[in-house]
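>>> Show me how the following folds:
(one chain, ligands or ions: 1)
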Amino acid sequence: MESNTKTDPYNNPEFKSTLLLLGFIVLGVVMGGVCGWFWGETMVKVEWLGKLFLNALKMTIVPLIVSAVISGVASMGNTAKARKLGGATLLYYISTTAVAVLLGLLVVNVIQPGAGLNFEGGEVIEKVASKKDTGASDIILSLVSPNLIHSAAQGQLLPIIFFSILLAIAINMLGEEGKALKQFFDSLNHAMMRIVTWIMYFAPIGIFGLIASRLGKAGGGDAFFMELKAVGWHVVTVISGLGLHFIFLSLILYLITRRGLAYYLGMFRALLTAFGTASSSATLPVTMECAKESGVSEKSVRFVLPLGSTVNMDGTALYEAAAVMFIAQAYGIDMGVGQQTIIFITATLAAIGAAGIPEAGLVTMVIVLQAVGLPLEGISLLLSVDWFLDRMRTSLNVWGDSVGAAVIDKFVPDKEP
Ligand code: ASP
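Numbers count the residues shown, from 1 in each chain. Model prediction:
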């Protein structure tokens, strides 16, 4: 199992068997799409298969994140180098998120998807209404939880990560006395990763269930196509932006790490799981497994990926900027450079604050809309296709984390844990 940091990770039997698994997952995605498209609502019957897969992944998240972050941070030590690395990781994530927002603004200004829609009215959707008073300070507040068990039960991972980092630093400071705890979390992490590999065997069927039933819920292929058409330019804008950012990240990956197609192939299972689940948190166990198999060191996998899956959301950031501008255009409200600068800043923050769960981006978009004084009702324009764009942006979120892990790994000293 621990053969993941081999010199040539792509040329071993383990990698070949995961390629086979990848083949089955691709088949699951395609079959899910085809069945959902043609059989529409009937496919809601297979929803439980998707739920079973999703629940199994979610089951691992809290113990996995806690053990990964603690053993990852503790193994780096309390050295100045380790602190620098932590700072560099955050800086890297924030910078790539900012580039994503810029690309979102660029495509939406060029394509102008909302121009001429003359939209009026709309309804404030329930999910959004409860977030009306959310501000940027709430993002900082959400770091520290008064009750970790409650946060874990609610799936709020940021405070769990924050606490794990603190605990790891404390363990390191204890020296000899902290060793037993460190060993405990190391070994818990290995055991959790083993469970994840078992769950992955169920991924083809689980992802099939998720996609077929979601398309079925949307009323099958024809209904989905009509929905897409109604806000077609918005969909084109978002997908073009995501595509551009994907290329940008791949360039960074190649320039800094010299990794290319093989890394992409290695991470592809995670990207498909992200597409199936629309949740970067639920995908995290798979992302970690794929990154390890692709030769990223355990240290980086354990520290960089859990952090990335909660704070680094390039797809979400890009989407929020593009969607808010789309709403402004649809209402016929002109956004100048000043307003777009506010969008730039708040969309970056809102994406950092968004949880890695389905449609979280749609909800944190409230922060951006309110900052520039746009009506929250505008979100109703985007609802019909959000489930689909959510999957696209989640895949990019996961790609962003994966590239981050490979890039940061380049700078990690003495990689053996
Ligand atoms: N679903 C996204 C994720 O989990 C967040 C969002 O953009 O809604 O990464």
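
>>> Just list the residues touching V46, thanks.
With contacts defined as CB atoms under 8 Å, 6 or more residues apart in numbering, V46 is in contact with 35, 208-209, 212-213. The way it works is simple: take the backbone N, C-alpha and C, and place the C-beta from them, glycine included.

>>> out of everything not next to it in sequence, what's closest to it?
Using CB to CB, 6 or more residues apart in numbering and skipping the chain neighbours, the partner closest in space to V46 is G209 (4.5 Å).

>>> which helices and strands sit right next to the helix or strand hosting the one you found?
Secondary structure from DSSP states H and E places G209 in helix 203-217. In terms of contacts (3 or more CB pairs under 8 Å, 6 or more residues apart in numbering; DSSP states H and E), helix 203-217 is packed against helix 13-39, helix 47-76, helix 261-277.

>>> Could you identify the helix or strand that succeeds that helix?
Helices and strands here follow DSSP H and E; after helix 203-217, the next one along the chain is helix 220-230.

>>> If we go by neighbour counts, what in whatever helix or strand comes next after that following helix is buried?
Note on helix 220-230: by DSSP H and E, the next helix or strand toward the C-terminus is helix 232-257. Within helix 232-257, the residues that qualify as buried by neighbour count (16 or more other CB atoms under 10 Å) are 233-235, 237-238, 240-242, 244-246, 248-250, 252-253, 257.

>>> Now do helix 232-257 and helix 220-230, the angle between them.
In this structure, helix 232-257 runs at an angle of 90 degrees to helix 220-230, with axes from the mean of the first three to the mean of the last three CA atoms, to 10 degrees as the basis.

>>> Report whether helix 232-257 contacts the ligand.
No - under the criterion of CB under 6 Å from any ligand atom, the ligand is not reached by helix 232-257; the shortest gap measures 11.0 Å.

>>> For that helix, the averaged confidence score.
Looking at helix 232-257 alone, the average pLDDT works out to 95.

>>> same thing with stretch 100-108?
Averaged over stretch 100-108, pLDDT sits at 96.

>>> Pull that stretch out as CSV, backbone CA atoms only.
Output of stretch 100-108 as CSV, limited to C-alpha atoms (Å, rounded to 0.1, in the frame of the first residue of the first chain):
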residue,chain,number,x,y,z
ALA,A,100,-9.9,32.7,-11.5
VAL,A,101,-12.0,35.7,-10.6
LEU,A,102,-10.2,37.9,-13.1
LEU,A,103,-10.8,35.3,-15.8
GLY,A,104,-14.5,35.2,-14.8
LEU,A,105,-14.7,38.9,-15.2
LEU,A,106,-12.9,38.8,-18.5
VAL,A,107,-15.2,36.3,-20.1
VAL,A,108,-18.4,37.8,-18.8
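
>>> What residues does this protein have near the ligand?
Contact residues, the chain versus the ligand (CB under 6 Å from any ligand atom): 278-280, 313, 316, 354, 356-361, 390, 393-394, 397.

>>> In PyMOL, how would I select just the buried ones from the residues you listed?
Buried residues within those, by 16+ other CB under 10 Å, are selected in PyMOL with:
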select buried, resi 278+279+280+313+316+354+356+357+358+359+360+361+390+393+394+397
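
>>> Pipe the helices and strands packed on helix 203-217 into a markdown table and attach distance to Y201 per row.
As requested, these are exported to a markdown table (distance: least, CB to CB, whole Å):
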| stretch | distance to Y201 |
| --- | --- |
| helix 13-39 | 7 |
| helix 47-76 | 11 |
| helix 261-277 | 11 |
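
>>> I'd like to know which of those has the weakest mean confidence.
Note on the helices and strands packed on helix 203-217: lowest mean pLDDT is at helix 13-39, with a mean of 83.

>>> and the residue nearest to I111 when sequence neighbours are not counted, what does it touch?
Excluding the flanking residues, the one nearest I111 by CB to CB, 6+ apart is T237, at 4.7 Å. Neighbouring residues of T237 by CB under 8 Å, 6+ apart: 107-108, 111, 113, 322, 326.

>>> Quickly check the residues you listed for the two that are furthest apart.
Looking at those by CB to CB, the two members farthest from one another are V107 and F326, with 10.5 Å of separation.

>>> Confidence-wise, which helix or strand of the chain is lowest on average?
Of all the helices and strands that make up the chain, the one with the lowest confidence by mean pLDDT, DSSP states H and E is helix 126-129; it has a mean of 57.

>>> Give me the pLDDT for P159.
At P159 the predicted local distance difference test score is 88.

>>> ditto for E377
Reported pLDDT for E377: 83.

>>> Distance of the nearest residue to P375 once chain neighbours are set aside relative to G114?
Counting by CB to CB, 6+ apart, Y331 is the residue found nearest to P375 once chain neighbours are left out, at 6.9 Å. Distance check for Y331 against G114: by CB to CB, to the nearest Å, it reads 8 Å.

>>> Of the contacts of T237, which belong to helices?
For those, membership in helices holds for 107-108, 111, 322, 326, with DSSP state H as the criterion.

>>> By proximity to the ligand, which residue of the protein wins?
The nearest approach of the chain to the ligand comes at G361, 2.8 Å away (CB to the nearest ligand atom).

>>> check contacts around M313.
M313 neighbours (CB under 8 Å, 6+ apart): 97, 280, 351-352, 354, 356, 361, 393, 397, 400.

>>> and those residues, which of them are in helices?
With helices taken from DSSP H, the overlap with the contacts of M313 comprises 97, 280, 351-352, 361, 393, 397, 400.

>>> Which of those scores worst on pLDDT?
On pLDDT alone, I352 ranks lowest of the ones in helices among the contacts of M313, at 84.

>>> Go ahead and list the helix or strand containing V363.
Using DSSP H and E, the element containing V363 is helix 360-371.

>>> Using PDB, write out every CA atom in that helix.
These are the backbone C-alpha positions of helix 360-371, laid out as PDB (Å, rounded to 0.1, in the frame of the first residue of the first chain):
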ATOM      1  CA  ALA A 360     -22.500  26.400  -1.600                       C
ATOM      2  CA  GLY A 361     -21.300  28.900  -4.100                       C
ATOM      3  CA  LEU A 362     -24.800  30.000  -5.000                       C
ATOM      4  CA  VAL A 363     -25.400  30.900  -1.300                       C
ATOM      5  CA  THR A 364     -22.100  32.700  -0.600                       C
ATOM      6  CA  MET A 365     -22.800  34.800  -3.700                       C
ATOM      7  CA  VAL A 366     -25.100  36.800  -1.500                       C
ATOM      8  CA  ILE A 367     -21.900  38.500  -0.100                       C
ATOM      9  CA  VAL A 368     -20.900  39.600  -3.600                       C
ATOM     10  CA  LEU A 369     -24.400  40.700  -4.600                       C
ATOM     11  CA  GLN A 370     -24.900  42.800  -1.500                       C
ATOM     12  CA  ALA A 371     -21.500  44.400  -1.800                       C
END
